[in-house]
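Student: fold the stuff below for me.
(one chain, ligands or ions: 1)
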Amino acid sequence: MKPIQLNKSIPIPLYFQLKQYLIQQIENGEWKPGDLLPSEREMSELYGISRMTVRQALIELVNEGRLVREQGKGTFVAEPKISQGLLRLTSFSEDMRARGMTPGAIVLDRATIPADLKLAQELNVPEGDPIIRIKRVRLADERPMAIEQSHIPLSRFPSAAEQDFNQISLYKWLEMSYGVHISHARQTIEVGIPQPEEAEILHIPRTMPILLTERTTFDILNQPVELAKSIYRGDRYKLTVDLQR
Ligand code: GLP
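Tutor: Numbering: from 1, shown residues only. Predicted structure coming up:
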């Protein structure tokens, strides 16, 4: 780490100057994801500022998802966030491949449940109809990114009860096994805090915000094929949208 001169005579707070400097180091690739930062003490000596000032800069960078703190190990440069466009309907596997990562899934649970009112309405089936619920942790380069809970009608896709969804993309499977052409979806996005069990599965602190999405996906005949509730790591995603006026 190069020593830099923080300027004490300008009206820009020192913690903010340090923060901007650290951001620059990350953005120009001087520090790479996974790199360990010097300790608070080392930085305070290096820059001639108090540990409190260093801490304030680090806390903000952790909150903004640029750094991660690991108890007893130190502070590391975070993986960059995935920029997710909001207008194209893609599968998780397509999203990860488009970013040069290998998608994966581990099925945590699969159950056949009777459709409650909401599922019946969303999936256009009678209430009580059997629905397959598949809960998967989604991986990018073997690291957890999201938890997805998909609901699909058993009557239309009976072999979903046996298919191994650890190995295949759900959208690909629907297409290959049932000739489903996925065409459009309706999705909501909210911010939340993970349940303790979800935080553990995603390897994130319990206090880290998550993105909660709910998507009903339709085929070209306008028939709903899936209702999915997903949880995405707040430190790994940002949403991008092009605006016009
Ligand atoms: C997205 C959607 C989910 C859908 C998944 C399919 O992540 N939010 O609703 O289940 O894509 O991804 P894949 O085809 O990789 O299983």
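Student: the lowest-mean-pLDDT helix or strand in the chain: which residues count as buried?
Tutor: Lowest mean confidence among the helices and strands of the chain (mean pLDDT, DSSP states H and E): strand 82-85, at a mean of 86. Buried residues in strand 82-85, defined by neighbour count with 16 or more other Cβ atoms under 10 Å: 82, 84. For glycine as for every other residue, the C-beta is placed from the backbone atoms N, C-alpha and C.
Student: stretch 94-110 too?
Tutor: Using 16+ other Cβ under 10 Å as the test for burial, stretch 94-110 gives 95-96, 101, 103-105, 110.
Student: want to throw those residues into a markdown table with pLDDT, distance to Ser50 and secondary structure?
Tutor: Below are these laid out as a markdown table (pLDDT from 0 to 100; distance: Cβ to Cβ, whole Å; DSSP: H, G, I helix; E, B strand; the rest coil):
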| residue | pLDDT | distance to Ser50 | secondary structure |
| --- | --- | --- | --- |
| Asp95 | 92 | 43 | helix |
| Met96 | 93 | 42 | helix |
| Met101 | 92 | 40 | coil |
| Pro103 | 97 | 45 | strand |
| Gly104 | 97 | 45 | strand |
| Ala105 | 98 | 47 | strand |
| Arg110 | 96 | 54 | strand |
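Student: among those residues, which are within reach of the ligand?
Tutor: With Cβ under 6 Å from any ligand atom as the criterion, those include Pro103 near the ligand.
Student: how about the buried residues of stretch 94-110, which pair is most distant?
Tutor: The most widely separated members of the buried residues of stretch 94-110, counting by Cβ to Cβ, are Met101 and Arg110 (24.9 Å).
Student: quick check: Gln223 vs the ligand, distance?
Tutor: Distance from Gln223 to the ligand, counting by Cβ to the nearest ligand atom, to the nearest Å: 16 Å.
Student: tell me which element Glu190 falls in.
Tutor: Element membership for Glu190 (DSSP states H and E) is strand 182-192.
Student: packing partners of the next helix or strand after that strand?
Tutor: Where DSSP H and E defines the elements, the next helix or strand beyond strand 182-192 is helix 196-202. Helix 196-202 sits against strand 143-153, strand 224-233, with contacts defined as 3 or more Cβ pairs under 8 Å, 6 or more residues apart in numbering; DSSP states H and E.
Student: no further questions, thank you.
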